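**Student:** Everything below, folded, please.
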Amino acid sequence: MDKATTSSIDTISRTCIAVRLRLLNRVVTNFYDDALRPLSLKVSQLNILIVTARLGLARPAQVCEILQLDASTLSRNVKPLQTHGWLEVVPDEDARAQPFRLTPQGRRLIEKAVPAWEEAQRQATELLGNDGIALLDKATKKLGGPRAER
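**Tutor:** I've put the predicted structure just below:
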């Protein structure tokens, strides 16, 4: 390899924001997934349950927009939630829409998940620190997303 290519490889390997964000995402996601595992739940699924609880009747397109998911990812995550009885599909005039809502079992699961979520939140907060969380809030705000409330 020539010197310019070697230099570019070194620069990318040291400074790529995407790689560092993906690494951070995997580490933080593992905090939550590990904490929620005894409940047979992943943080991605908990987020779907939370959005559904807030909406009351959740339309897939709404949930995809709020969580920035594509339809196939949402569908893959919703199926086990339905299988466990935590979400139920609500009949709709447009059979393709398939809105869903939280079941009473889903609401109880969220209640049971709170202590595990709090522990994962503590671990993530410890890793990121107040400055890291402030930067996360700032970046999320630029995207038009929710600001974390502490």
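**Student:** Spatially, which residue comes closest to K112, not counting chain neighbours?
**Tutor:** Among residues not flanking K112 along the chain, L39 sits closest, at 6.1 Å (Cβ to Cβ, 6 or more residues apart in numbering). The way it works is simple: take the backbone N, C-alpha and C, and place the C-beta from them, glycine included.
**Student:** ugh, wrong one, A58
**Tutor:** Skipping the residues right next to it in sequence, A58 comes nearest to T52 by Cβ to Cβ, 6+ apart, at 4.3 Å.
**Student:** where do the strands sit along this protein?
**Tutor:** Remark: strands assigned in the chain by DSSP state E are 87-89, 100-102.
**Student:** Check these for me and report the most buried one.
**Tutor:** Most buried of these, by mean neighbour count (mean count of other Cβ atoms under 10 Å): strand 100-102, with a mean of 21.
**Student:** Not counting it itself, show me its contacts.
**Tutor:** By Cβ atoms under 8 Å, 6 or more residues apart in numbering, the residues outside strand 100-102 that reach it are 49, 52-53, 56-58, 60, 78, 82, 86-90, 110.
**Student:** PyMOL command to pick out the buried ones of the residues you listed?
**Tutor:** Those of the contacts of strand 100-102 that count as buried under 16 or more other Cβ atoms under 10 Å are selected in PyMOL with:
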select buried, resi 49+52+58+60+78+86+87+110
